[in-house]
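Chemist: compute the structure for the input listed below.
(one chain, ligands or ions: 1)
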Amino acid sequence: MKNIIDKLYNTKTLDDSEFVELIDCTDTDYLFSQAVKQRKKYYGTDVYIRGLIEISNYCKNNCLYCGIRRDNISLTRYRLSKDDILSCADEGYELGFRTFVLQGGEDLHYSDDEICSIVYGIKNSHPDCAVTLSIGEKSKDSYRAYKNAGADRYLLRHETADSEHYKKLHPKSMSLEVRKECLWDLKELGYQVGSGFMVGSPYQTKETLVKDLRFLEELQPDMIGIGPFLPHCDTPFANESKGSIERCLNLIAILRLMFPYSLIPSTTALASISPTGRERGILAGANVVMPNLSPNSVRSLYSLYNGKLSTGSEAAEAKNELSKLMQSIGYKIVTDIGNVKRNEA
Ligand code: SAM
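Modeler: As a prediction, the model looks like this:
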């Protein structure tokens, strides 16, 4: 296994069969230590924080895994107004956040003009901050308008790079081709682009995971978000097994070795699956955390999966707690816009 890890460290890629072996590696000390070594070359011990504002849980889509899917009639729906969102950003700024991530379901209520005016409003009040959007699949013209309004980054996980697998996770109206096209559009428009996938989603295999890695090699994203699949009781996947934390950590380390420059969050799903998930993600090579800045009254309603954390060190107002946690494992939270460092090593 050491030879494979050294090869990945030096060449940033592997043969398919070697990736498959590494995905299931059980003696992970060397894997994680090399991932951390690579991360430290680019980012030292800095951990970037992103203030996550979950703007709406209305969604026109019906992804089979997702708790805010259109057909979940048990869910109380909410959407934040422009003023709500600007207040969240103001509060986040005071707390030391310099990136705001606006995430939501695909809520048709917001026109492009509204999204632009929200983005512009944040950038106008806080010109030293980055705005990241994560509001799903839009036309290239919409993405262009958001960019012109000041949006810097866009997160859109490809979910799975195997088109048959994609069909098993999504309704007929959605396709991998469209998802990929959105990502290429975003790249072309000059966004810092994030993609990624769930680990342990139903029907995922090691072979589909290798396809995910190959797609990311093609895309060369700036940010890569992965987290374990966790079931939600009001979805068709209610009785499916959750993803494995160990496999997720191995994949974080593999991604760090493939893309040393990248911004990789230790995700909420990772923190939700285990009380030490957040720290273990950082120790496997992640360098970003995204605490929740949404108003307290709506946090429990952005219910993607059961057991999703939004309190404790997941909550933006508990930033000191998070700082201490990071310090205790040898890392430090920084107040920095935290752009990608492609050529720093
Ligand atoms: N609508 C936007 C989109 O499609 O990109 C952003 C919101 S979407 C809810 C954000 C991410 O949540 C998805 O990309 C998916 O990977 C993740 N997610 C949804 N349901 C999940 C589940 N049951 N377990 C883990 N992650 C989940």
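Chemist: which ones are touching the residue lying closest to E106 once chain neighbours are set aside?
Modeler: Excluding the flanking residues, the one nearest E106 by Cβ to Cβ, 6 or more residues apart in numbering is G136, at 4.1 Å. For the C-beta atoms, the positions are set from N, CA and C on the backbone; glycine is no exception. Contacts for G136 (Cβ atoms under 8 Å, 6 or more residues apart in numbering) come out as 61, 104-106, 156.
Chemist: among those, which are in strands?
Modeler: Judged by DSSP state E, the subset of those located in strands is G104.
Chemist: turn the contacts of G136 into CSV, columns for neighbour count and pLDDT.
Modeler: Output for these, formatted as CSV (neighbours: other Cβ atoms under 10 Å; pLDDT from 0 to 100):
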residue, neighbour count, pLDDT
N61, 17, 98
G104, 23, 98
G105, 24, 98
E106, 17, 98
L156, 25, 98
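Chemist: just give me the closest of the contacts of G136 to A315.
Modeler: Distances from A315 to the contacts of G136, taken as Cβ to Cβ, are shortest for G104 (18.7 Å).
Chemist: mind listing the residues bridging to that closest one?
Modeler: Taking DSSP bridges as the rule, G104 bridges to S56.
Chemist: sketch out the low-pLDDT regions of the stretch 201-345 of the chain for me.
Modeler: Residues of the stretch 201-345 of the chain that meet the criterion pLDDT under 70 lie in 311-313, 344-345.
Chemist: quick check, the residue in it closest to the ligand?
Modeler: Scanning the stretch 201-345 of the chain for the residue nearest the ligand gives Y305, at 3.6 Å (criterion: Cβ to the nearest ligand atom).
Chemist: could you check how many residues crowd around P260?
Modeler: Here the number of neighbours of P260 (other Cβ atoms under 10 Å) works out to 22.
Chemist: go on, I5?
Modeler: Using other Cβ under 10 Å, I5 has 23 other residues around it.
Chemist: what does S300 give?
Modeler: 11.
Chemist: correct me, but it touches L309?
Modeler: No. The criterion here is Cβ atoms under 8 Å, and S300 misses it with L309 at 10.5 Å.
Chemist: follow-up on the earlier one: so for the residue nearest to E106, what's the pLDDT?
Modeler: The model reports G136 with a pLDDT of 98.
Chemist: any idea how far D222 is from the closest residue in space to F97 that isn't next to it in sequence?
Modeler: Distances taken as Cβ to Cβ, 6+ apart place G51 nearest to F97, at 3.8 Å, with adjacent residues excluded. For G51, the distance to D222 equals 18 Å [Cβ to Cβ, to the nearest Å].
Chemist: could you do H232 as well?
Modeler: Using Cβ to Cβ, H232 is found at 29 Å from D222.
Chemist: same thing with E246?
Modeler: 27 Å.
Chemist: can you pick out the residue with more neighbours from these two?
Modeler: Legend: neighbour count by other Cβ under 10 Å for E246 and D222, higher for D222 (21 against 16).
Chemist: what sits against that one?
Modeler: 153, 192-194, 262-263, 340, 342.
Chemist: what is the burial count for the residue of the stretch 151-300 of the chain found nearest the ligand?
Modeler: The stretch 151-300 of the chain approaches the ligand most closely through R157 (3.8 Å), counting by Cβ to the nearest ligand atom. Residues lying near R157 (other Cβ under 10 Å) number 19.
Chemist: repeat for the one 5 residues further on
Modeler: Residues near D162, counting by other Cβ under 10 Å, number 21.
Chemist: tell me which element the nearest residue in space to it that is not next to it in sequence falls in.
Modeler: Nearest residue to D162, sequence neighbours excluded (Cβ to Cβ, 6+ apart): T208, at 4.2 Å. For T208, the host element (DSSP states H and E) is helix 206-219.
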